[in-house]
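# based on what follows, work out the 3D shape:
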Amino acid sequence: MASSLITGAAALLLILIGGYVVAAGILMIAESTMNSQIEMSAIQDSLHQSQIHIDSTTVGYNTKWWLVVDLNNTGSTTYRGSDLSRFDMYVYQGIGTKTLSRYTSASSPGFTYDFLNDKVNKNMWDPSETLELRINLTDDRIPNWTKVVTPNGITASTNL
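Numbering: from 1, shown residues only. Purely as a prediction, here's the structure:
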């Protein structure tokens with residue numbers, strides 16, 4: 001009789017521990033899902049607040065083609081220096097045989113940027129400020145089109 005009481009108590013204890021482990025696992029999964037949804041919502045909010053616009057472009061030739069793009073921050077997002085080093089520019093070049101080239105501000109040697117009206121936060125691209133992107137093109141064909149992409153996926157493009 002004592003052995004059946006001990007067995008019953010052990011079984012009850014195992015059921016309680018198993019229930020606790022399952023409940024804790026479900027709560028951890030629910031918390032992780034909730035945190036992921038909060039993070040995705042914050043990312044979506046930042047995308048909706050980000051807007052850029054190409055104000056003007058200048059194309060020239062001096063032994064190689066070069067391109068200057070004046071980019072206006074028309075949204076409400078401020079881009080820090082670390083963000084500016086991750087900008088991408090795509091340039092479609094050529095007549096007949098055409099090429100699409102990708103230039104990054106971090107790894108392309110001829111890609112530079114400068115603030116034209118840096119008023120609020122120095123060396124940060126704030127709303128209503130203009131950023132001038134300059135690039136020396138590697139392909140010796142006339143550029144036809146360009147697209148600028150920010151680190152958070154906002155784009156602006158224009159025909160040249």
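
# show the average pLDDT along stretch 100-114.
Stretch 100-114 comes out with an average pLDDT of 82.

# which residues touch that stretch?
Identification of contacts with stretch 100-114 by CB atoms under 8 Å, 6 or more residues apart in numbering yields 66, 84-93, 131-139. (Each C-beta comes from the backbone N, C-alpha and C, glycine too.)

# can you tell me which of those residues are in helices?
Judged by DSSP state H, the contacts of stretch 100-114 include Leu84 as members of helices.

# give me the buried entries from the contacts of stretch 100-114.
Neighbour-count burial (16 or more other CB atoms under 10 Å) is assigned, among the contacts of stretch 100-114, to 66, 84, 87-89, 91-93, 131-133, 135-137.

# hmm, which two among those are most spread apart?
Leu84 and Gln93 (24.0 Å; CB to CB).

# before we move on, back to that, let me have the buried ones among the contacts of stretch 100-114 in TSV, adding distance to Thr33 as columns.
Below are the buried ones among the contacts of stretch 100-114 laid out as TSV (distance: CB to CB, whole Å):
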residue	distance to Thr33
Trp66	49
Leu84	34
Phe87	33
Asp88	32
Met89	37
Val91	42
Tyr92	42
Gln93	46
Leu131	38
Glu132	44
Leu133	40
Ile135	43
Asn136	48
Leu137	46
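
# tell me which stretches of this structure form helices.
Applying DSSP H to the chain gives helices spanning 2-49, 81-84.

# for Thr58, list each beta-bridge partner.
Note on Thr58: beta-bridge partners by DSSP bridges are Val68.
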